[in-house]
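Enquirer: Take a look and give me a structure for this.
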Amino acid sequence: MKRTALVVLLLFMKLGWSNAQSPILQDSYLQINAHADDPLYTTYTAAMKRARLYGDRGYKMEYYKDGEPIRYTSDKAGAIYNIWMVNDVAVTHVGEFHQEPVVKASFPDMAMLEYMPFDGLKVNETFFVYSSRIALVDMQITNNSGRPLQVTLFPTFELGNRNLKILGYNGQHQGYITQRHETRKRLISDLGGQYPEEYRECLTASFNPYSYGGYKGSLESFYDTVKTDHYATNKYDDTLNMAREGYVDFIALHHKTTLEPGETRNVRFLRGVQPMEEDPKAMLKEMEKIKSKDLQPYLNDNERLYQNIPRISFQTAAEKMVYLGAFNLARGCMLPPSGKSSHNFYVFSREPLWGWGHGHQVLHESLSMMAYAYLDPRSAQASQRVYMEQQGEEGLIAYRHGPRGPQTYPRKGEPTTSAPFYSWINWEVYQISGDKAFLKDAYRSGVEYTQWLIENRDDDQDGTFEWGPYGLIENVRDWYNVVFQVSQERYLDVDKEDISDELECLDLSLMVCNEMRSLSKMAEKLGKEEEAQKWHEKAEKLAGLINERMWDEESHFYYNINAEDHSFRYMTRNLRRQEIIGFLPLWAEVAPPDRADKLVRHLTDTSKFWRKYGVPTLAADDPWYSPDVDYCCKWNGPVWLLWDYMVYEGLRDYGYHEIADQLAGKMMLAVTTQLSKNHNFWESFSPDNQVLNCPSNYIWDSIMAKVLIDLYQHKKKN
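Expert: Residues are numbered from 1 along each chain as shown. Modelled structure (predicted):
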């Protein structure tokens, strides 16, 4: 009897049948029903425990394009998808489906969909990025039609540039083995030499393929191949071309089966990718195990990950999608300890993969930890401990920290730091975690860093602060800055263009003031009353200097000033240019109430800052203002959500709650508009229009989770 059962099981496996079931979501709060035009974030990366920095592969799910199949695409590394044929009717595009896909749940590494490619054929599909090198598509297919259905599947890996070299077909593992080249060149910044260029690919499945093939051309030409033309001289003979060598655009496996009425089958196809120098046997062995792995434990892990986030009763489904998507974004950027980092760390863009975005942690990106801590406070603290671990003996926190160690980018003999949000982040994370050991370590480290700033970023020791010689990156505001940048066209070299080290800088002075306030709160919580008072007094003294020197009574706004004479002019230039940093005295609790009221009048002026999609970095009536996001790093108009969040928090602190709610609404509109169109978060957003040409999927956009938490906490109180 046992022998008979074993034979039947082996036969089922040979035919492509599987006892595996689609995972079942237990937590109803995490269920969504996202259609094509809903604001769903659809980028997926492997969980930390199965991820790595180099050779990592993330994916974007495209379920919303009528003219395409459901595709799982990877930046410059192709896509996997399935083509359906039911009763000889080819169904190649989502727009042809009987019922288009609905996403039922979405996590950092997993998406769960439902759809019907053909009348009566229901599919529950789970996409799962198992590791940095293996991703799978699991399909539970049910015949609800009342008649037998002949179902043919064509799982496909498409590269599309005739750079896919077939190395062979491995019959033992039922998979194609191919090789491809991936350039390190990227639009924004290129990848470094640590990143592989030559990759091995494997496309395999849980079934024994009926046939397989490799082809040049497009999906449309593949349709012509698989769709029988009864009048053609060389018509399709029911098998693919069984190619075992040559360069192609895509490869496909071929599976045929018949489903009786009411019958359900599970099939799975997988993509494996690894650098060519790695052992192919190890990857193939791992893929073989995953063909029959139960996915329920991985879904359970995701549900446990989200069990402690604030369970907000949102007024709209869109808000909930943004909320969960913001957490997915942050978690999806996290990587495990490696190299010189003994703690988990993040890259601020994991998919798409590009050089600067795949670098190491920077303090202004770490503002995302204030949201991420609600999901995983221990991991958020570990990310902050990367800075503590690599902090210089003299207190310096460098521009970047991570597996390659501190990166100081020295200029004119001085190291480069980053915008000092350090102790503010640590204080906010502690308020979520309640971890006194972390607070103690964070306070010690924060004191050392703030002392370094006092000694190294106030060269003339007059009490207000100047950015370092490499201010272009240190001040976080890159290029296209109307004050720090000398020429509108950027025709000079970096040292001549950037004058931020020659000014008493409003933004840095406010940041240092806020660090002092945060240290005061930390010291008080730790029972260090004298130190708390000392930091409070330092903050108040600095606040007084900012108000004395940087407020212009004529225009009722705060500005940078000349370091030499504290005037609002630098050589022939007028420094009174109204930027978003002029509102940060609200965030740092520096502005007196009467000045706060004047600032809010500027803020809500629609001809200046009160734009459709948020507060721009530069007033719209400035001659350098541009609402067009045509590249990265622009500070002459685009909206940066982190800086809008600081304005939002300042409004709350000063009691402007209705205006704060309206600003949150503008930020939400910017995000939902883009997520509904292209399902990406973005580095920055246009204040006035919808077209963006900047890097996508920045970790700092996860701040939207914090915005929504704050927004609903205030509503609950009132």
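Enquirer: Which helix or strand lies directly C-terminal to the helix or strand where Ser383 lies?
Expert: Per DSSP states H and E: Ser383 is located in helix 377-390. Next in sequence after helix 377-390, counting helices and strands by DSSP H and E, comes helix 422-433.
Enquirer: Give the burial count for Lys436, as a bare number.
Expert: 11 (other C-beta atoms under 10 Å). (Glycine included, C-beta is placed from N, CA and C.)
Enquirer: and it, what does it touch?
Expert: Leu526 (C-beta atoms under 8 Å, 6 or more residues apart in numbering).
Enquirer: didn't Asp88 look like it was pressed against Val151?
Expert: No: using C-beta atoms under 8 Å, Asp88 makes no contact with Val151, being 10.8 Å away.
Enquirer: Which of those two has more residues huddled nearby?
Expert: Legend: neighbour count by other C-beta under 10 Å for Asp88 and Val151, higher for Val151 (21 against 9).
Enquirer: Contacts only, for Asp376.
Expert: Asp376 neighbours (C-beta under 8 Å, 6+ apart): Leu305, Arg331.
Enquirer: if we go to 6 Å?
Expert: Listed by C-beta atoms under 6 Å, 6 or more residues apart in numbering, Asp376 has no contact partners.
Enquirer: do the same with Val615
Expert: Contacts here follow C-beta under 6 Å, 6+ apart; on that basis Val615 touches Ile580, Phe609, Asp644, Val647.
Enquirer: Check His556 too.
Expert: Counting by C-beta under 6 Å, 6+ apart, His556 makes contact with Lys598.
Enquirer: Around Ile703, how many other residues sit close by?
Expert: Neighbour tally, Ile703, other C-beta under 10 Å: 26.
Enquirer: Pretty sure Asp644 is one of the things it touches, is it not?
Expert: No: between Ile703 and Asp644 there is no contact under C-beta atoms under 6 Å: 8.8 Å.
Enquirer: Could you pull out the strands in the stretch 551-700 of the chain for me?
Expert: Using DSSP state E, counting those that start in this stretch, the strands of the stretch 551-700 of the chain run over residues 551-552, 557-558, 561-562, 569-570, 573-574.
Enquirer: just checking, what packs against the last one?
Expert: The reference is to strand 573-574. Here strand 573-574 touches no other helix or strand, going by 3 or more C-beta pairs under 6 Å, 6 or more residues apart in numbering; DSSP states H and E.
Enquirer: what lines up beside it in the sheet?
Expert: Pairing partners of strand 573-574, with direction, according to DSSP bridges: strand 569-570 (antiparallel).
Enquirer: can you check the second one too?
Expert: Strand 557-558 has the following strand partners under DSSP bridges: strand 551-552 (antiparallel).
Enquirer: roughly how far is the partner strand from the heart of the chain?
Expert: Centroid separation between strand 551-552 and its chain, computed with C-alpha atoms, centre = their mean, to the nearest Å, is 38 Å.
Enquirer: same check, this time on stretch 466-481
Expert: Offset of stretch 466-481 from its chain centre (C-alpha atoms, centre = their mean): 24 Å.
Enquirer: Need the CA coordinates for it. CSV is fine.
Expert: Taking C-alpha atoms only, stretch 466-481 is exported to CSV below (Å, rounded to 0.1, in the frame of the first residue of the first chain):
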residue,chain,number,x,y,z
GLU,A,466,29.1,76.8,8.9
TRP,A,467,29.0,73.7,6.7
GLY,A,468,32.4,72.0,6.0
PRO,A,469,34.5,72.5,2.9
TYR,A,470,32.6,69.7,1.0
GLY,A,471,29.3,71.3,1.8
LEU,A,472,27.8,70.1,-1.5
ILE,A,473,27.1,66.7,0.0
GLU,A,474,27.4,67.6,3.7
ASN,A,475,24.5,70.0,3.7
VAL,A,476,22.3,67.4,2.1
ARG,A,477,21.0,70.0,-0.4
ASP,A,478,23.2,68.9,-3.3
TRP,A,479,23.0,71.1,-6.4
TYR,A,480,20.5,73.6,-7.6
ASN,A,481,20.5,75.6,-4.4
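Enquirer: Helix, strand, or coil at Met139?
Expert: State at Met139, reduced to three classes by DSSP: H, G, I helix; E, B strand; the rest coil: strand.
Enquirer: Beta-bridge partners for it, please?
Expert: Beta-bridge partners of Met139, as defined by DSSP bridges: Glu125, Val267.
Enquirer: Next up, the contacts around it.
Expert: If a contact means C-beta under 6 Å, 6+ apart, then Met139 has Val123, Glu125, Val267 as its contacts.
Enquirer: 10 Å instead?
Expert: Residues counted as contacts of Met139 (C-beta atoms under 10 Å, 6 or more residues apart in numbering) are 18, 22, 82, 84, 113, 123-127, 153, 155, 206, 265-269.
Enquirer: correct me, but Gly121 touches Val151?
Expert: For the record, residue 121 is Leu, not Gly. Yes: counting by C-beta atoms under 10 Å, Val151 is a contact partner of Leu121 at 7.0 Å.
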